[in-house]
Structures are given as structure tokens and as C-alpha cells.
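K.L.:
Build me a structure from this.
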Amino acid sequence: MVSHTSIRIRTRGKGTLEITDEVARAIAGSGIRDGIVTVFVRHTSASLVIMENADPSARRDLETFFDKLVPESTPWFVHTLEGPDDMPSHIRMALTRTSETIPVRDGRMTLGTWQGIFLFEHRAAPHQREIVITVVGG
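P.N.:
Numbers count the residues shown, from 1 in each chain. Predicted coordinates:
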């Protein structure tokens, strides 16, 4: 069996936003008990990460790290049509992932105790992001 679900998430601008519950609802709605779930973000300036979901300071540190790793003030970027965060957002996406695949057992993701799935918005302005969730199994 295969189930496809698309969800739209409105971001507040740069940062991480947990989507674990939305993915869990898609799995529950699929009726699939055992298999895998693939979560895919359809954008080139946002990504997905599996990250600690217990202490928000871990995500703030990740966000700060990426701000320092790929600063928006880089003077030699050419691709700046949409503003100074344009090229840095594409690089941050390329350094992370646009999809995550997680095993599903007994209708639930087999995430670790402190793991959550996060949409990682790399643009400064709020955006609406589309995420495709595909559950495969039986």
C-alpha cells in the first residue's frame, strides 16, 4: 500500500518548526501499520532535519551555527535577486536535506526518545511551504 498526503506549513521566517505531529497524523490516516514514511519539502530555500525536540536551545544553537556558517553578508554572492538571504538560504538547504525517511512499526514512527522532525526555514520572511508525506507498507 502507498499513501500520499500534502500539507502546507506557514513559517514565521528563519528557524525550525516541528512537524512531527503532522507526519504522525498522516501515518495514522494512511492505515499503514508497518513500513516507511518519507517526508519531502518541495522548496530550495527550506529543508528538513531530525533534531532534538526536548530542549529548544539545541535548535537555537543549530540555527545560530548556520547563520555563522553561511552569513547573509557574504559580499561575493551573485544570486541575490530576492534579497541578501537568497543565496545563503539555498546553500543552507544544500547542506541539510529536503527529505527524511523513517521506519514505521505498529503505526508509529520509530523515532528516538528526543527526536522530532523539523521544517528548517532558511528565508528571513515568512513563507508557505508544501511538504509531501508518503507512507509505504502494509
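K.L.:
Got phi/psi on Leu48?
P.N.:
phi -120, psi 140 (degrees, to the nearest 10).
K.L.:
what's the most centrally placed residue in the chain in contact with, if anything?
P.N.:
Residue closest to the average C-alpha location in the chain (C-alpha atoms, centre = their mean): Leu48, at 2.2 Å. Residues near Leu48 by C-beta atoms under 8 Å, 6 or more residues apart in numbering: 39-41, 96-100, 117-120, 131. For glycine as for every other residue, the C-beta is placed from the backbone atoms N, C-alpha and C.
K.L.:
so which of those residues comes closest to Lys14?
P.N.:
Here the nearest of the contacts of Leu48 to Lys14, counting by C-beta to C-beta, is Phe120; it sits at 9.0 Å.
K.L.:
Distance-wise, check the closest one relative to Phe77.
P.N.:
20 Å (C-beta to C-beta, to the nearest Å).
K.L.:
Lovely, talk soon.
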